[in-house]
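K.L.:
Generate a structure from the sequence data that follows.
(chains A, B, C and D)
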There are 4 protein chains.
Amino acid sequence: MELPVQGIIPPMITPLLPDGKLDVQGLSNLIEHMITGGVHGIFALGTNGEGPSLSYGLRKELIQESARIIAKRVPLLVGITDTSEKGCLEIAHAAAQSGADALVLAPPYYMPISQAEMVGYLERLVPKLPLPYLIYNMPSCTKLHLDLATVKKAQELGAIGIKDSSGDMGYLYNLIDTFKNEPDFAIITGTELFLGETIHNGGHGAVAGGANFFPKLYVALYDAARANDNEKISLLREKVLEVYHTIYNIGENSSRFTVGTKCVLSILGICDDTMASPLKAFNGTDKKKMESYVALFNEYH
Amino acid sequence: MELPVQGIIPPMITPLLPDGKLDVQGLSNLIEHMITGGVHGIFALGTNGEGPSLSYGLRKELIQESARIIAKRVPLLVGITDTSEKGCLEIAHAAAQSGADALVLAPPYYMPISQAEMVGYLERLVPKLPLPYLIYNMPSCTKLHLDLATVKKAQELGAIGIKDSSGDMGYLYNLIDTFKNEPDFAIITGTELFLGETIHNGGHGAVAGGANFFPKLYVALYDAARANDNEKISLLREKVLEVYHTIYNIGENSSRFTVGTKCVLSILGICDDTMASPLKAFNGTDKKKMESYVALFNEYH
Amino acid sequence: MELPVQGIIPPMITPLLPDGKLDVQGLSNLIEHMITGGVHGIFALGTNGEGPSLSYGLRKELIQESARIIAKRVPLLVGITDTSEKGCLEIAHAAAQSGADALVLAPPYYMPISQAEMVGYLERLVPKLPLPYLIYNMPSCTKLHLDLATVKKAQELGAIGIKDSSGDMGYLYNLIDTFKNEPDFAIITGTELFLGETIHNGGHGAVAGGANFFPKLYVALYDAARANDNEKISLLREKVLEVYHTIYNIGENSSRFTVGTKCVLSILGICDDTMASPLKAFNGTDKKKMESYVALFNEYH
Amino acid sequence: MELPVQGIIPPMITPLLPDGKLDVQGLSNLIEHMITGGVHGIFALGTNGEGPSLSYGLRKELIQESARIIAKRVPLLVGITDTSEKGCLEIAHAAAQSGADALVLAPPYYMPISQAEMVGYLERLVPKLPLPYLIYNMPSCTKLHLDLATVKKAQELGAIGIKDSSGDMGYLYNLIDTFKNEPDFAIITGTELFLGETIHNGGHGAVAGGANFFPKLYVALYDAARANDNEKISLLREKVLEVYHTIYNIGENSSRFTVGTKCVLSILGICDDTMASPLKAFNGTDKKKMESYVALFNEYH
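P.N.:
Residues are numbered from 1 along each chain as shown, chains lettered A, B, ... in the order given. As a prediction, the model looks like this:
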């Protein structure tokens, strides 16, 4: 894999059939849709991919099928976060065997742990990983906001980058600043809204959930930010904000981003909107509303 | 199983060998120690049992061995909380096949979910459970503080009680008040400090971590509270507070309760203090300190 | 003043006329109502007294009139908490000149400060206070949860007690435990629900908001707890819980306790329900609801 | 006053003499330093100005002296936030009489209030204000994060802008988006780090604390952002980040920004570093450290 990881790397949702099995045809449609849209990598089994909600069997099947369909056209990153170290390694090895390119690792998320306990965890786990890894900061799910010293320690232990989904822009800028002399350590934002700023200020890319459905929009913004084309940036940022105010704005649940993403994909005919428990697909009223929202973005379908 | 679940029900730690395998001899020692100490039930694979940190294989082995050793002398409750519904059911069925008496279920703990999403989760999951279940409120780990309406819904769906580890006494009193006309719905506190008040005010029992090492102390306080023996209650409460100020007071990590419990058990010669990742056993200095603390409670060894 | 401060000490609301001036007749009615009901002290200008919402002029008038009406029948405690040290001392001196008995002091509440900054604040301020003081833990308003070391420091600097309104029972028990050899240091709970437990376990009293309207209920529970009369305690606790589920349960605002208290007092004909900005009296629908709730407590009117 | 408020508007610290009185000479030095540095307005009695910690007398003196020294060269904005409505209006009228240009109003900050209570508060208070006002979002001090509907309501009630110090960039972008068709409603960030992004994306200015000591740095960044001069923006942003990592990085207290700002000003010979209670000036060691940090920014002195 070419380093550093960069560009638009959608956190791919996991297409499921109504009976809970993997929707292999939907997965194939989705991967083609994103690659055709210009994405620079695919991140499977993250939060948006409902990773922790899936059985190990389904996770392994998803990895294998994704690797097969992607066929090395773009890098495949695989989330291995788990509360059990054994489970974590099981997925990591499945990823390596299937030909994935890198792993993504957030803190184990049941026990509230300290920064020092997280460092100890990395020291024991990382030497057993069969692939390079990115550290994943996701405090709203894991309850641990990785501090800068922990991230530095992760990098010393071999991390090739960080995916930061804290939504904390001061922190993101601190990351960029801290690692500015380490050009091979990728700073990837998990907040779509920060895409322009991240690139503009020296970051490497964005794990943008919206690139599941409108990959061209996010890729265009990435390209404009790289080119310092301020006029285009302004125009595209407005579109990204509009996604926030419409597609991501149905109901009040935190899950509305992930549920909304699958809903758009089903409207676009790419895959079904079945969710893994504990999440649930939108009801008829919300789907109707989503249809009207999707129509606002015709140029990006 | 006699209903409601009541009395002192230790959240059993999971004895592990230095190589991470189950310490069957330590498990046997521990179970005998607790039953001899008078406990009224045993709760395996809770937070203190490091349930989510263990592989499914190890969890199933623990259930089987625990059921064999307990041999129906007291009820065995098994934690089945998991982020994957399939994993959750796998443990539930292993518990039923091994002869466990009830299940304990907290919200799936990766995705932040709403009360309504939790109710939907229960509606889908509970009909598939092979044993009666208690709902488990553990917001510091799961991020969801079950509201009263959700608990009522859980009861309508068949829950035989609640284990509340929120540490929120107003909430606990509200639970007791809400279910006072449902004598078969057990209100069990997960906060050792609230044991006396819980019993005094109409609750049924306590999942007291300290009953792993000093079962007699917590059983004596339970008996005194049932007998309204205020003098004894006062004396015993002071001892319970002393556990807080000494044994539970080493370091600042949230994990110090669980790590400290295994440390005491290793000092008492009951089992090893190996922790499951991401936790780590105390170092030499802390173990020395613990030895001096344990010595303060000679009468309860 | 006899030490320690103890018993039922209502956090007196401040009766206001519709034009925002002090309702002296209402104040007189209220004080007679509470003293007749058996309270052991009166705390003016706390949170329930809307202290920080009142001008210094009105605060001083309230102190003077309260002292005149109480006429030393019970101790008068005066809240002096303020963000400006000068304002704080101005109220303290007015209290001393009017014949108040003690001061109550919470952290200055605009700037988020550390425990060490709070200790420094006390070291500079306390020597200038003209009366004994109680330290006041009220984290939901001040953003600072006083830790045990800070409370100990406050006591070394002369505090004669603490009013704890954190709602954190473990903390309250720790306070009782920490100061058990300091019988002149009063541990007063600000959580009505904890009244029984506080007295039972060695605390001294309760700043119970409900004693504004039903002083006899809270005094009876205090007496029962002192006498270890468990049957009576049970009965009275149920009534106190019923206040929570009815009178304190109108709407969702944190202010519903204070607004609800004035509403009950206006229904009882004791004073008007005018609130100081930013709070607002209940509307007609809510007042109707409150009337039906008040009727449930006829025996305590 | 020309609308909208825009540019660099330092939240001026309040220079105090060691005896706590206003340091009029220091105030004069500071105002000249900032105006010479090119600032576009001055905001007195905000959080950085320790407004709530000062007596009304001192606040009024500060307003009068500031207005006299500024002499209409730039707009003077005055913070009137107070827990007492009367106090709030007293400062507002003093500001109007002294010739200030606008008021800045955050929620009353003792009682935790709801959005609806905040709207009611504005509806009652705003008609009594003698000058135009900006609404001030400062959740870390006031505990209330103004939601978009509340800000819109504030605007309908006459607000000419918002100062947002939430540090929440998604929120800031939502503000810009919400009011993009209201060019006279100023969106001012209170987070120095967001200065470039705010201007770039359609916001109007920054209340940048660092412009107390290095006004030229922040003004230069503002100018570069207005001119879309990306190379300059990059260079200057790095300097602003360096302020964060040095000057704003002494100790762990939230107050380190304000205490640090006065410390720099005393090193630059502009005014003393006396703080209003509850804050305290840095000790000798920290001042030494600050001297070395200040030396890093020689070009901006």
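K.L.:
My understanding was that A:Ile35 contacts A:Pro75; is that so?
P.N.:
No - in this structure, A:Ile35 is not within contact of A:Pro75 by C-beta atoms under 8 Å, at 11.6 Å. Heads up, the C-betas are built off the backbone N, CA and C, glycines and all.
K.L.:
For those two, indicate the residue with more neighbours.
P.N.:
Remark: of A:Ile35 and A:Pro75, A:Pro75 carries more neighbours, 20 against 17, as counted by other C-beta atoms under 10 Å in any protein chain shown.
K.L.:
And A:Val78, how close does it get to A:Met12?
P.N.:
Using C-beta to C-beta, to the nearest Å, A:Val78 is found at 10 Å from A:Met12.
K.L.:
List the residues that are in contact with both of these two.
P.N.:
By C-beta atoms under 8 Å, 6 or more residues apart in numbering or on different chains, A:Val78 and A:Met12 have these common neighbours: A:Phe43, A:Ala44.
K.L.:
The residue lying closest to A:Gly99 once chain neighbours are set aside sits in which helix or strand?
P.N.:
Spatially, and ignoring its direct neighbours in sequence, A:Gly99 is nearest to A:Ala67 (4.7 Å; C-beta to C-beta, 6 or more residues apart in numbering or on different chains). Using DSSP states H and E, A:Ala67 sits in helix A:56-70.
K.L.:
Just give the nearest non-adjacent residue to A:Thr36, would you?
P.N.:
Per C-beta to C-beta, 6+ apart, closest to A:Thr36 is A:Pro215, 7.6 Å.
K.L.:
Look at the residue lying closest to A:Lys72 once chain neighbours are set aside and say how many residues are nearby.
P.N.:
Of all residues not flanking A:Lys72 in the chain, A:Gly99 sits nearest, at 7.3 Å (C-beta to C-beta, 6+ apart). If you count neighbours by other C-beta under 10 Å, A:Gly99 ends up with 15.
K.L.:
Pull the contacting residues for A:Gly99.
P.N.:
Counted by C-beta under 8 Å, 6+ apart, A:Gly99 has contacts A:Ala67, A:Lys72, A:Leu76.
K.L.:
What number of residues are in the vicinity of the last one?
P.N.:
So the one you mean is A:Leu76. Count around A:Leu76 with other C-beta under 10 Å applied: 26.
K.L.:
Against A:Leu54, how distant is it?
P.N.:
Distance from A:Leu76 to A:Leu54, by C-beta to C-beta: 17 Å.
K.L.:
for chain B, what are the nearby residues on the stretch 201-301 of chain A?
P.N.:
Residues of the stretch 201-301 of chain A lying close to chain B by C-beta under 8 Å from any C-beta of the partner chain are A:Glu252, A:Asn253, A:Ser254, A:Ser255, A:Ala276, A:Ser277, A:Pro278, A:Leu279, A:Lys280.
K.L.:
repeat that with 7 Å
P.N.:
With C-beta under 7 Å from any C-beta of the partner chain as the criterion, the stretch 201-301 of chain A meets chain B at residues A:Asn253, A:Ser254, A:Ser255, A:Ser277, A:Pro278, A:Leu279, A:Lys280.
K.L.:
got any ranges where the stretch 101-250 of chain A has weak pLDDT?
P.N.:
The stretch 101-250 of chain A contains no residues with pLDDT under 70.
K.L.:
Which positions in chain A make contact with chain D?
P.N.:
A:Gly167, A:Met169, A:Gly170, A:Tyr173, A:Asp177, A:Leu193, A:Glu197, A:Asn201, A:Asn228, A:Asn230, A:Arg237, A:Leu241.
K.L.:
give me the element the fifth one is part of.
P.N.:
Using DSSP H and E, A:Asp177 sits in helix A:169-178.
K.L.:
Give me the angle between that helix and helix D:169-178.
P.N.:
Orientation check (axes from the mean of the first three to the mean of the last three C-alpha atoms, to 10 degrees): helix A:169-178 against helix D:169-178 gives 120 degrees.
K.L.:
So what's the residue count around the residue lying closest to A:Leu236 once chain neighbours are set aside?
P.N.:
Leaving aside its sequence neighbours, A:Leu236 sits nearest to A:Leu221 (C-beta to C-beta, 6+ apart; 4.1 Å). Using other C-beta under 10 Å, A:Leu221 has 25 other residues around it.
K.L.:
I'd like to know which elements the helix holding A:Asp177 is packed against.
P.N.:
helix A:148-156, strand A:161-164, strand A:186-189 (3 or more C-beta pairs under 7 Å, 6 or more residues apart in numbering or on different chains; DSSP states H and E).
K.L.:
Which of the three states applies to the closest residue to A:Pro15 other than its chain neighbours?
P.N.:
In space, and not counting its chain neighbours, A:Pro15 is closest to A:Gly26: 3.4 Å by C-beta to C-beta, 6+ apart. At A:Gly26 the chain is in helix, as set by DSSP: H, G, I helix; E, B strand; the rest coil.
K.L.:
Give me the pLDDT value at A:Gly26.
P.N.:
As predicted, A:Gly26 sits at a pLDDT of 98.
K.L.:
Any chance you could list what contacts the helix or strand encompassing A:Thr261?
P.N.:
Per DSSP H and E: A:Thr261 is located in helix A:256-267. Helix A:256-267 has contacts (C-beta atoms under 7 Å, 6 or more residues apart in numbering or on different chains) with A:13, A:30, A:48, A:50, A:209, A:212-213, A:247-248, A:250, A:271-273, A:275, A:279, A:281-282, A:287, A:290-291, A:294.
K.L.:
List the buried residues in whichever helix or strand comes after that helix.
P.N.:
For helix A:256-267, the following helix or strand on the C-terminal side (DSSP H and E) is helix A:284-294. Buried residues in helix A:284-294, counted by 16 or more other C-beta atoms under 10 Å in any protein chain shown: A:Asp286, A:Lys289, A:Met290, A:Tyr293, A:Val294.
K.L.:
Extract the C-alpha set from helix A:284-294 and format it as CSV.
P.N.:
The C-alpha coordinates for helix A:284-294 follow below in CSV (Å, rounded to 0.1, in the frame of the first residue of the first chain):
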residue,chain,number,x,y,z
GLY,A,284,-42.4,4.8,5.7
THR,A,285,-42.9,8.4,6.7
ASP,A,286,-39.2,8.9,7.1
LYS,A,287,-38.4,7.2,3.9
LYS,A,288,-40.8,9.5,2.1
LYS,A,289,-39.0,12.4,3.6
MET,A,290,-35.6,11.0,2.6
GLU,A,291,-36.8,10.6,-1.0
SER,A,292,-37.5,14.3,-1.2
TYR,A,293,-34.1,15.1,0.2
VAL,A,294,-32.3,12.7,-2.1
